[in-house]
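Visitor: give me the fold of what follows.
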Amino acid sequence: MTDRDLTPNIPDVVAEISALFERYEQALIDKDVDVLDASFWQSPYTIRYALHENGYGFDEIHAHRVARPPGPGIKERRIRLEILTLGRDFATTNIEFKVRGRDLIGRQSQTWVRFPDVGWKVVAAHVSTVNAAPVW
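Guide: Numbers count the residues shown, from 1 in each chain. From the prediction side, this is the model:
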């Protein structure tokens, strides 16, 4: 057992992640590649699964960002945002959103880690869609 503090949702840590997440979301809309890149860990271990590509390592993720056309993206409106922080150095963000012009619900998740030398960075991310109405 470790003595690491994994207290969930310490308010100031949640506030930090919330601000970084919203900055990232705005950068998606603006296609601000500098902010998008600054949000991700510059490592070959970073992974981002997106709707139309898989990025294995920071360089692939960056190449997809540069190639993406400008525009409002696929998010018509946010349905739900869940943030979980554990201690002061680990966090996840998960959102559900209505996909623009389609009868689909989108899901986006990010895993954030605070590194001593570079601060908070996304180390893994995922975007997918599901039918808007559950199929049972």
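
Visitor: find the residue at the geometric middle of this protein.
Guide: Centroid-nearest residue in the chain, with C-alpha atoms, centre = their mean: Gln110, separated by 3.7 Å.

Visitor: and that residue, bridged to which residues?
Guide: Thr93, Ala125 (DSSP bridges).

Visitor: burial measure for Lys121, as a count.
Guide: By other C-beta atoms under 10 Å, 19 other residues sit near Lys121. In this view, the C-beta of every residue, glycine as well, is placed from N, C-alpha and C.

Visitor: could you do Phe21 as well?
Guide: The number of residues packed near Phe21 is 21, by other C-beta under 10 Å.

Visitor: mind listing what's buried in stretch 48-66?
Guide: With burial defined by 16 or more other C-beta atoms under 10 Å, the residues of stretch 48-66 counted as buried are Arg48, Ala50, Gly55, Gly57, Phe58, Glu60, Ile61, His62, Arg65.

Visitor: what about that stretch, average pLDDT?
Guide: In this model, stretch 48-66 carries a mean pLDDT of 95.
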